[in-house]
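Enquirer: what's the 3D shape of this:
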Amino acid sequence: QVQLVESGGGLVQAGGSLRLSCAISGRAFSTYSMGWFRQAPGKEREFVAFINWTGGTTYYADSVKGRFTISRDNAKNTVYLQMNSLKPEDTAVYYCASKGGSGSYYDGIEYDYWGQGTQVTVSS
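Expert: Numbers count the residues shown, from 1 in each chain. As a prediction, this is how the structure comes out:
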């Protein structure tokens, strides 16, 4: 059974930082690309960041480029999202997901396993 468990969310002031972690079990982690998505209240889920299976390729949403960094540690079966210079508009539930499909990295439908989400709240 594949499980993804996010941690590291919380309440932070604007301009602060948080580091999200996502631990995966039940899947050969090192052979799958991973992504982070987020969903704010009343809004659709949106792509945040992607990292391929080697960690050599990353993509970011324009809204987080230059502030967020995705990384992975295949030895620990964990993917991370370092979030700096946080803004109130970054407030959302953040989800990590494992990409089993061969389609676009920014399309949630290409990801077949998801975590339960972790809340990030940025106060102004």
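Enquirer: and the residue nearest to the spatial centre of the chain, what helix or strand is that in?
Expert: Nearest to the geometric centre of the chain sits Trp36, at 2.2 Å (CA atoms, centre = their mean). According to DSSP states H and E, Trp36 maps onto strand 33-39.
Enquirer: picking up where we left off before, okay, the residue nearest to the centre of the chain: pLDDT?
Expert: Here, the pLDDT recorded for Trp36 equals 98.
Enquirer: now do the one 4 residues further on
Expert: In the predicted model, Ala40 carries a pLDDT score of 97.
Enquirer: and it, how many neighbours does it have?
Expert: Using other CB atoms under 10 Å, Ala40 has 14 neighbouring residues. C-beta here means a position set from N, CA and C on the backbone, and glycine is covered the same way.
Enquirer: for it, which non-adjacent residue is closest in space?
Expert: Ala92 (4.2 Å; CB to CB, 6 or more residues apart in numbering).
Enquirer: what's around the one you found, how many residues?
Expert: Using other CB under 10 Å, Ala92 has 22 other residues around it.
Enquirer: what separation do you get for it and Gly9?
Expert: Distance, Ala92 to Gly9, by CB to CB, to the nearest Å: 10 Å.
Enquirer: can you check Phe47 too?
Expert: According to CB to CB, Phe47 stands 18 Å off from Gly9.
Enquirer: swap in Gln82?
Expert: 13 Å.
Enquirer: those two: which is more packed in?
Expert: Comparing Gln82 with Gly9 by other CB under 10 Å, the one with more neighbours is Gly9, at 19 against 15.
Enquirer: so in that sheet, which strands flank the strand holding Trp36, and in what orientation?
Expert: Next to strand 33-39 in the sheet, as set by DSSP bridges, lie strand 46-51 (antiparallel), strand 92-99 (antiparallel).
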